[in-house]
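A.B. asks: I'll drop the sequence and a predicted model, then ask my questions.
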Amino acid sequence: MAAEDAARLAEARLEAILECVTDAILSIDEKGVVVAANAAAGTLFRCASEALLGVGAALLLPECRLAAGERRQNGLARRPDDSTFPAALTVTETRGARLRIAVIRDLTEERAAEALLCELRSELAYAGRLAAMGELAGALAHEINQPFSAIATYVRTARWLLQRKPKQSAEVEDILAKAGAQAMRAGDIVRRLREFVTRGESVKTVQSLATLVEEAQSLGVAGARQVGARVVVAARGENDHVLADRVQIQQVIVNLMRNAVEAMDGATRRELSLSTSSADGYARLDVADTGHGLKDGAGALFEPFRSTKATGMGIGLSISRSIVEAHGGRIWAEPNPQGGAIFSFTLPLAERAIL
Ligand code: ADP
């Protein structure tokens, strides 16, 4: 009797352990049939754990080898309802009894984390490109300088010719043509620089603008915490789906947030608020801050190389404008009635962009 009690107790203990682990555990007999399944197995395979009894383990784990002693394997597991999930499987054999124990872990979240990491890596590559651009800027400044000094020389010579030899129109024409060609060359260099930064290949998918803002916020807000700015994300529009290159639009949002945070450095009231809305076929984002406000009017800010910052390159807003306009939208800045500035952009709603 005592031995029987002890055996029953051991079994109850084992069962309690099996029921509380989060990995799915299946006991498989020598024919490959499931003879026991814990509660987690039921959860993972989305059925009552009893429903797994009598099922061939190979049906549930079609991509895995079920021989004992295999190292951890990864493969798709199939549920009785035919849906699948990525799983990690370890199989061990029970000593004495001819049973194999399969421990199955759901990798769905791990895979999602890997995908996110992969995306972050591509974003990092982009950030790396921006850093490389910083290094290139010196070299480019030199390159752009050459056609400009050539233009200056040609124009000076043309004026000199006009003053000295008023009849030499063919020569002057030739020199002005050369000046024109150099101006085109300078323009080309600037265009190539912009293409390099805004990335040649654009991958557009339908995205909710509010979701893009939420994701970008995690990148842009890091700076916000440093200056103690409060971020308020308000009003999610009903239909705010736009056809957009996710990384590019997030780059614009992060850029506007960073600028806002920098503008509020040292201000007594530091509030950054982001709100999305949609109207007249366009989704819109407003990024409002309570910083020092727009110093030299709003128009010139979007021109390249306009910066009021000691270390600024003045290229962020110009790139943002290129990106927004390439998406068929508009970007602008206005003074914030409560002090500070509001930067806004619109993007055509997805139905409109597809048409
Ligand atoms: P950078 O940040 O390198 O100066 P940007 O193109 O991003 O380049 O910005 C250009 C200029 O626009 C800034 O130097 C600043 O004077 C002005 N600006 C941008 N955002 C704001 C803002 N939120 N508030 C006030 N001024 C701003």
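C.D. replies: In hand now; what should we look at?
A.B. asks: show me what from the protein comes close to the ligand.
C.D. replies: 255, 259-260, 263, 289, 291-295, 301, 306-309, 312-318, 341, 343 (Cβ under 6 Å from any ligand atom). Backbone N, C-alpha and C define where each C-beta goes, glycine included.
A.B. asks: mind checking which of those land in helices?
C.D. replies: Among the residues of the chain next to the ligand, the ones falling in helices (DSSP state H) are Asn255, Asn259, Ala260, Ala263, Gly316, Leu317, Ser318.
A.B. asks: same list (these) but as a markdown table, adding distance to Ala39 and pLDDT.
C.D. replies: Formatted as a markdown table, these follow (distance: Cβ to Cβ, whole Å; pLDDT from 0 to 100):
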| residue | distance to Ala39 | pLDDT |
| --- | --- | --- |
| Asn255 | 49 | 86 |
| Asn259 | 53 | 89 |
| Ala260 | 50 | 91 |
| Ala263 | 55 | 91 |
| Gly316 | 54 | 81 |
| Leu317 | 56 | 87 |
| Ser318 | 59 | 83 |
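A.B. asks: could you say which helix or strand holds Gly75?
C.D. replies: Gly75 belongs to strand 73-78 when elements are defined using DSSP states H and E.
A.B. asks: helix or strand right after that strand?
C.D. replies: From strand 73-78, the next helix or strand downstream (DSSP H and E) is strand 84-93.
A.B. asks: remind me what that next one packs against, helices and strands.
C.D. replies: In terms of contacts (3 or more Cβ pairs under 8 Å, 6 or more residues apart in numbering; DSSP states H and E), strand 84-93 is packed against strand 73-78, strand 100-106, helix 108-164.
A.B. asks: for that strand, C-alpha coordinates in CSV please.
C.D. replies: The C-alpha trace of strand 84-93 is given here as CSV (Å, rounded to 0.1, in the frame of the first residue of the first chain):
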residue,chain,number,x,y,z
THR,A,84,1.2,26.4,-38.7
PHE,A,85,3.8,28.0,-36.3
PRO,A,86,7.6,28.1,-36.2
ALA,A,87,8.7,25.7,-33.5
ALA,A,88,11.9,24.4,-31.8
LEU,A,89,11.8,20.7,-30.9
THR,A,90,13.9,18.5,-28.6
VAL,A,91,13.3,14.8,-28.3
THR,A,92,14.5,12.6,-25.5
GLU,A,93,13.8,8.9,-24.7
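A.B. asks: so what strands line up beside it?
C.D. replies: Strand pairing for strand 84-93, determined by DSSP bridges: strand 73-78 (antiparallel), strand 100-106 (antiparallel).
A.B. asks: buried sites along it?
C.D. replies: By neighbour count on 16 or more other Cβ atoms under 10 Å, the buried set for strand 84-93 is Phe85, Pro86, Ala87, Ala88, Leu89, Thr90, Val91.
A.B. asks: again with stretch 73-86
C.D. replies: Gly75, Ala77, Arg78, Phe85, Pro86.
A.B. asks: quick check: end-to-end length of that stretch?
C.D. replies: 11 Å (Cα to Cα, to the nearest Å).
A.B. asks: was I right to think Leu107 contacts Leu89?
C.D. replies: No: using Cβ atoms under 8 Å, Leu107 is not in contact with Leu89; the gap is 10.2 Å.
A.B. asks: any common contacting residues for those two?
C.D. replies: Asn74 (Cβ atoms under 8 Å, 6 or more residues apart in numbering).
A.B. asks: what average pLDDT does the strand holding Gly75 get?
C.D. replies: Averaged over strand 73-78, pLDDT sits at 89.
A.B. asks: can you tell me what sits against it?
C.D. replies: With Cβ under 8 Å, 6+ apart, strand 73-78 has contacts from 44-45, 59-65, 84-90, 104, 107.
A.B. asks: for stretch 28-36, give me every contacting residue.
C.D. replies: By Cβ under 8 Å, 6+ apart, stretch 28-36 touches 26-27, 52-58, 60, 66, 91, 98-102.
A.B. asks: picking that back up, just the buried residues of strand 84-93 now: which is nearest Ala267?
C.D. replies: Nearest to Ala267 out of the buried residues of strand 84-93 is Pro86 (Cβ to Cβ; 48.5 Å).
A.B. asks: for the stretch 251-355 of the chain, give me the ranges with low pLDDT.
C.D. replies: 296-299, 305, 311-313, 352-355 (pLDDT under 70).
A.B. asks: pLDDT score assigned to Lys31?
C.D. replies: 91.
A.B. asks: ok, the one 5 residues further on next?
C.D. replies: In the predicted model, Ala36 carries a pLDDT score of 91.
A.B. asks: likewise for the one 10 residues further on?
C.D. replies: In this prediction, Arg46 carries a pLDDT score of 94.
A.B. asks: quick one: the residue nearest to it when sequence neighbours are not counted from the ligand, how far?
C.D. replies: Among residues not flanking Arg46 along the chain, Arg79 sits closest, at 5.3 Å (Cβ to Cβ, 6 or more residues apart in numbering). Between Arg79 and the ligand the computed distance is 50 Å (Cβ to the nearest ligand atom, to the nearest Å).
A.B. asks: let me see the contact set for Ala179.
C.D. replies: Ala179 neighbours (Cβ under 8 Å, 6+ apart): Ala150, Ile151, Tyr154, Val155, Ala158.
A.B. asks: contacting residues around the fourth one?
C.D. replies: Right, Val155. Leu176, Ala179.
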